[in-house]
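J.: coords please:
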Amino acid sequence: MNGTLGVTSFGNQNEGKGRHMDSPGIVVLSSSLRLLHINQRACELSKQLHESGSGPETDSALPPAVRDLAEEIRTQLRVRMDSHQAAQFQITRQITNRNAAFLLKGFGLPSQRGFDRSRIVVLLS
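T.: Here you go, the predicted model:
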């Protein structure tokens, strides 16, 4: 497994529109990492990530690569909000192994109502 980390700009929102296999998986988490929403595609891709061996086995519905990205975004949200830099940001990771490649785009969405109201969105493709 090879992981690459980077901060990137937002991509084209119309890519793959209307095609289920090309549509991203969407996971929405609270700032405490509580799962608020997961679409069907995210469930499918999460299962593939679990099967690809992207990290140690756990009982979590989210694969380790997604949890790790969400934890990093949560940490960055806290740091940015504490320093009054409450702008949206994105962290991208590419996960590859001998059988598959996955792109994870994680978004930190700070809330003006405080850290507890902030959200984390992860797109899987």
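J.: Only C-alpha atoms from now on, for both contacts and neighbour counts.
T.: Noted.
J.: From the contact counts, what lies against the helix or strand containing Ile120?
T.: Taking DSSP states H and E as the definition, one finds Ile120 inside strand 119-124. Identification of packing neighbours for strand 119-124 by 3 or more Cα pairs under 8 Å, 6 or more residues apart in numbering; DSSP states H and E yields strand 25-30, helix 40-51, helix 64-82, strand 101-109.
J.: what is Ser30 paired to in the beta sheet?
T.: Beta-bridge pairing for Ser30 (DSSP bridges): Arg119.
J.: For it, give me the pLDDT.
T.: Confidence at Ser30, expressed as pLDDT, is 98.
J.: what number of residues lie near it?
T.: By other Cα atoms under 10 Å, the residues close to Ser30 number 19.
J.: Among the helices and strands packed on strand 119-124, show the one with the smallest mean pLDDT.
T.: Lowest mean pLDDT within the helices and strands packed on strand 119-124: helix 40-51, a mean of 90.
J.: contacts for that one?
T.: Residues from elsewhere that reach helix 40-51 (Cα atoms under 8 Å, 6 or more residues apart in numbering): 20-21, 23-27, 57, 61-64, 102, 123-125.
J.: that older thread, residues in contact with the strand holding Ile120?
T.: Here strand 119-124 makes contact (Cα under 8 Å, 6+ apart) with 24-31, 33, 42, 45, 66, 70, 73-74, 102-111.
J.: thinking again about what came up before, pipe the helices and strands packed on strand 119-124 into CSV and attach distance to Arg119 per row.
T.: Below are the helices and strands packed on strand 119-124 laid out as CSV (distance: least, Cα to Cα, whole Å):
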stretch, distance to Arg119
strand 25-30, 5
helix 40-51, 17
helix 64-82, 9
strand 101-109, 5
